[in-house]
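In: let's see this in three dimensions:
(4 chains)
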There are 2 protein chains.
Amino acid sequence: MSRPDAEPSLHDDAARAGWLYYVGGMTQDQIAAELGISRQRAQRLVSRAMAEGLIQVRLNHRIGACLDLEAALRDRFGLDRVRVAPGLGAGADPVRAIAPAAAAELERFLRMPEPLVVALGTGRALRGMVDAMVEIDSPQHRLVSLIGNIAPDGSASFFDVVMRIADKVRAPHYPMPVPVISPTPEENEAFHRLPPVRKVVALAEAADVVFVGVGQMSNDAPLLADGFVTRAELDEMQTAGASGEVAGWVFDSEGRYLDLGTNRRTGGVRVAPGLARPSIGIAAGASKVPAILAALKSRIINGLVTDEPTARALLSRA
Amino acid sequence: MSRPDAEPSLHDDAARAGWLYYVGGMTQDQIAAELGISRQRAQRLVSRAMAEGLIQVRLNHRIGACLDLEAALRDRFGLDRVRVAPGLGAGADPVRAIAPAAAAELERFLRMPEPLVVALGTGRALRGMVDAMVEIDSPQHRLVSLIGNIAPDGSASFFDVVMRIADKVRAPHYPMPVPVISPTPEENEAFHRLPPVRKVVALAEAADVVFVGVGQMSNDAPLLADGFVTRAELDEMQTAGASGEVAGWVFDSEGRYLDLGTNRRTGGVRVAPGLARPSIGIAAGASKVPAILAALKSRIINGLVTDEPTARALLSRA
DNA sequence: TCGCCTTATGGGTAAATGCTCATACATCGA
DNA sequence: TCGATGTATGAGCATTTACCCATAAGGCGA
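Out: Reported below is the predicted structural model:
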């Protein structure tokens, strides 16, 4: 029995209510009458539509101050693509601010007709970007992960961005079937000698465009919070000048990859600095400023999506 | 640097306020505090951002497209009630797609406490609607058929919708005890002179709400397939510009009833065009597009339940 | 089957929002 | 200079929305 959606699901109702509210400009009373439900239920549906990201809001105007910051960043770091989203005020999660802009930037590439290989890192920023994306049918592209998808506890999907994007664009996708960080260099190498892994690695290295988050290596490092490195390993790398990481690979304040600590056991593909293909960093937040700065200096990334306060901080420290 | 401390334009402020409101989820009070303005000004900026399209809202859900189509149909044809169900893909029976939506629409009326007279046509679409209906005890309403229930072979129930609905709502029901199409105008008139028939006709003409299918008059006409008209009669009416039919009454491409062919011998009640009471067409399918278009033009129906591809076709031909 | 636990529902209410209006300010023309 | 005209502002108020809570409904294990 193929009956895809015979009964209007909760999502359908929520989407409809949200549409009537935000697009149709109706009050919740009117929506309740229209759908034959109570006002409270209408309110819950509308709020659910927003919470689940069924309703997407974007700013269709470049605020002058942000444009100025973009131009300044472009000048100062020789960037190809820069987007600065308005800040949301202290205390707000900067991912909320940059997600729509990041999604728009990714969609730009996905809408190109010629087939592209898009390489992706992980992290909360990329996760937010994907959530803010619309569904877009682009089966001509290939999506490849830069970073292993096997977490320390063996679970397969952490912030598995590639899978989620692939859902939305219906494009072939290639997760990196290795541990994010292996216990020993030998085990890491063993994984990377496997032919299927070599294929994915080759694909990632040949990517036409790269989207990555940027992690700080201060005490609030995502690598530590997510259990990929121990406190001792973090200490060691901090002492050696670790400033940030991209796709799990740690670099110093000049953006030079370190040859120690977990860098000897990190799986997947390191984003090569200084290449011509677009390499877009998606990152915002005061604690990430030194890391972003370093990645920009060595051109691990040559494009940036960030928010207003982060942009200001980058310029004042540069 | 390009514009040292340029005064932020009104648009900039509006965009920023709208951003903080819709993306940041702040209250207008908080925005006012953040930007150092009065709450009223914040409110005006937010509302301006929306009015000028600085803030774009879109729905990231499959039914989003359907809602857009509904709005377009409502605009284009001045309809009161429109539902567009998501298409089920080529090859699938469109009745399957629209039946749940049609049932929901009918249930809306049946749930009303005040007694209604509901007039019904026949056809596969209405049959599907009834099958998709839940049982609902509404003895306050009366259900009346628009169309005769005597088939050419003398059998009484073909797609007899009224009986089946009545089963589900346990409401009094009034079949139209005349032939769908009589052999001669005289026989038809003889039936309609009978007092019981006149009562049913009067009831149908006073209906508070009408649900009908819409039949095409191309070579795959339901009237022909079900043996109500002969091939010769169909030819004659096609030559005269027949475009579709509602409850057995044939009309041209502008929705004007023809005065020839079987229209002179059709029993039951013709749905009068342009009345205020809801008259909901339940119809989908590529071959029905010209018929639906005609019925919409002359407002034989002022409401529509259809599916996505049909909705698109209606709009592109309109 | 019963009773417990989780989840959904609708009433009530405080907070937030949108609207109207009187007023202030500025611009422009006589 | 004065007045007229148009526009922006904030106060007050009606409407709308969000949240809390008591209760009902549904699911699940004993």
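In: quick check, residue A:210 in a strand?
Out: Yes - secondary structure of residue A:210 (DSSP: H, G, I helix; E, B strand; the rest coil): part of a strand.
In: hang on, it packs against residue A:280?
Out: Yes - contact criterion C-beta atoms under 8 Å: residue A:210 and residue A:280 qualify, at 6.8 Å. (Each C-beta comes from the backbone N, C-alpha and C, glycine too.)
In: the more surrounded of these two?
Out: Per other C-beta atoms under 10 Å in any protein chain shown, whichever of residue A:210 and residue A:280 has more neighbours is residue A:210, with 28 against 25.
In: now do the nearest residue to the more buried one once chain neighbours are set aside against residue A:255, distance only.
Out: In this structure, residue A:210 finds its nearest non-sequential neighbour in residue A:279, 4.2 Å apart by C-beta to C-beta, 6 or more residues apart in numbering or on different chains. From residue A:279 across to residue A:255, the span is 12 Å (C-beta to C-beta, to the nearest Å).
In: who has more neighbours out of the two?
Out: The neighbour comparison of residue A:279 against residue A:255 (other C-beta under 10 Å) goes to residue A:279, with 26 against 22.
In: which residues does the more buried one contact?
Out: By C-beta atoms under 8 Å, 6 or more residues apart in numbering or on different chains, residue A:279 lies in contact with A:209-210, A:212, A:271, A:299-303.
In: return the set of buried residues in the helix or strand harbouring residue A:30.
Out: According to DSSP states H and E, residue A:30 maps onto helix A:28-35. Using 16 or more other C-beta atoms under 10 Å in any protein chain shown as the test for burial, helix A:28-35 gives A:28, A:31-32, A:34-35.
In: now do it: which elements does it pack against?
Out: helix A:10-18, helix A:39-51 (3 or more C-beta pairs under 8 Å, 6 or more residues apart in numbering or on different chains; DSSP states H and E).
In: closest one to residue B:146 among these?
Out: Closest to residue B:146 of the helices and strands packed on helix A:28-35 is helix A:10-18 (C-beta to C-beta; 30.7 Å).
In: would you mark the buried spots in that closest one?
Out: For helix A:10-18, using 16+ other C-beta under 10 Å, the buried residues are A:11-18.
In: got it, and stretch A:62-75?
Out: A:63-66, A:68-70, A:72-73.
In: how about stretch A:231-240?
Out: Result for stretch A:231-240 [16+ other C-beta under 10 Å]: buried residues A:233-234, A:236-238.
In: alpha carbons of it, as PDB, please.
Out: Provided in PDB are the C-alpha atoms of stretch A:231-240 (Å, rounded to 0.1, in the frame of the first residue of the first chain):
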ATOM      1  CA  ARG A 231      42.700  17.200  28.800                       C
ATOM      2  CA  ALA A 232      46.300  16.000  28.800                       C
ATOM      3  CA  GLU A 233      46.500  16.000  25.000                       C
ATOM      4  CA  LEU A 234      45.000  19.400  24.900                       C
ATOM      5  CA  ASP A 235      47.500  20.700  27.400                       C
ATOM      6  CA  GLU A 236      50.400  19.200  25.400                       C
ATOM      7  CA  MET A 237      49.200  20.900  22.200                       C
ATOM      8  CA  GLN A 238      48.400  24.200  23.900                       C
ATOM      9  CA  THR A 239      52.000  24.200  25.200                       C
ATOM     10  CA  ALA A 240      53.200  23.700  21.700                       C
END
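In: for the helix or strand where residue A:118 lies, name the packing helices and strands.
Out: Using DSSP H and E, residue A:118 sits in strand A:117-120. Here strand A:117-120 touches helix A:94-110, strand A:142-150, helix A:161-169, helix A:195-205, strand A:209-213, going by 3+ C-beta pairs under 8 Å, 6+ apart.
In: how many residues are close by residue A:253?
Out: Counted with other C-beta under 10 Å, the neighbours of residue A:253 add up to 16.
In: what's the helix or strand for the closest residue to it other than its chain neighbours?
Out: Sequence neighbours aside, residue A:243 is the residue nearest to residue A:253 in space, at 4.2 Å (criterion: C-beta to C-beta, 6+ apart). Using DSSP H and E, residue A:243 maps to strand A:242-246.
In: downstream neighbour of that strand in the secondary structure list?
Out: Beyond strand A:242-246 on the C-terminal side, the first helix or strand identified by DSSP H and E is strand A:249-252.
In: mind listing residues that contact that following strand?
Out: For strand A:249-252, the external contacting residues (C-beta under 8 Å, 6+ apart) are A:217, A:223, A:237, A:240-245, A:257-258, A:261-263, A:266, A:270-271, A:294-295, A:298, A:300.
In: any of the residues you listed buried? List them.
Out: A:217, A:223, A:237, A:242-245, A:257-258, A:261-263, A:266, A:270-271, A:294-295, A:298, A:300.
In: so which of the residues you listed are in helices?
Out: A:223, A:237, A:294-295 (DSSP state H).
In: so which of the helices and strands packed on strand A:117-120 is the most packed in?
Out: By mean neighbour count, with neighbours taken as mean count of other C-beta atoms under 10 Å in any protein chain shown, strand A:209-213 ranks first of those at a mean of 27.
In: of all the helices and strands packed on strand A:117-120, which lies closest to residue B:172?
Out: Of all these, helix A:161-169 sits nearest to residue B:172, with 51.5 Å by C-beta to C-beta.
In: next SSE after the closest one?
Out: strand A:173-179.
In: packing partners of that next one?
Out: When contacts are defined as 3+ C-beta pairs under 8 Å, 6+ apart, strand A:173-179 sits against strand A:142-150, helix A:161-169, helix A:185-193, helix A:195-205.
In: ok, residues contacting the third one?
Out: Think helix A:185-193. With C-beta under 8 Å, 6+ apart, helix A:185-193 has contacts from A:177-179, A:181-182, A:197-198, A:201, A:264-267.
In: so where is the stretch 51-200 of chain A shaky, pLDDT-wise?
Out: A:154-159 (pLDDT under 70).
In: those residues of it touching chain B, which are they?
Out: Counting by C-beta under 8 Å from any C-beta of the partner chain, the residues of the stretch 51-200 of chain A close to chain B are A:53-61, A:63-65, A:68, A:71-72, A:75, A:86, A:88-89, A:92, A:96-97, A:100, A:134-135.
In: find the closest residue to DNA strand C in chain A.
Out: residue A:38 (3.2 Å; C-beta to the nearest atom of the strand).
In: name the nearest residue to the residue nearest the centre of chain A, sequence neighbours excluded.
Out: Geometric centre of chain A, nearest residue: residue A:126, 1.1 Å, by C-alpha atoms, centre = their mean. Ranked by C-beta to C-beta, 6+ apart and with sequence neighbours excluded, the top spatial neighbour of residue A:126 is residue A:161, at 4.6 Å.
In: can you read off the pLDDT for residue A:6?
Out: According to the prediction, residue A:6 has pLDDT 37.
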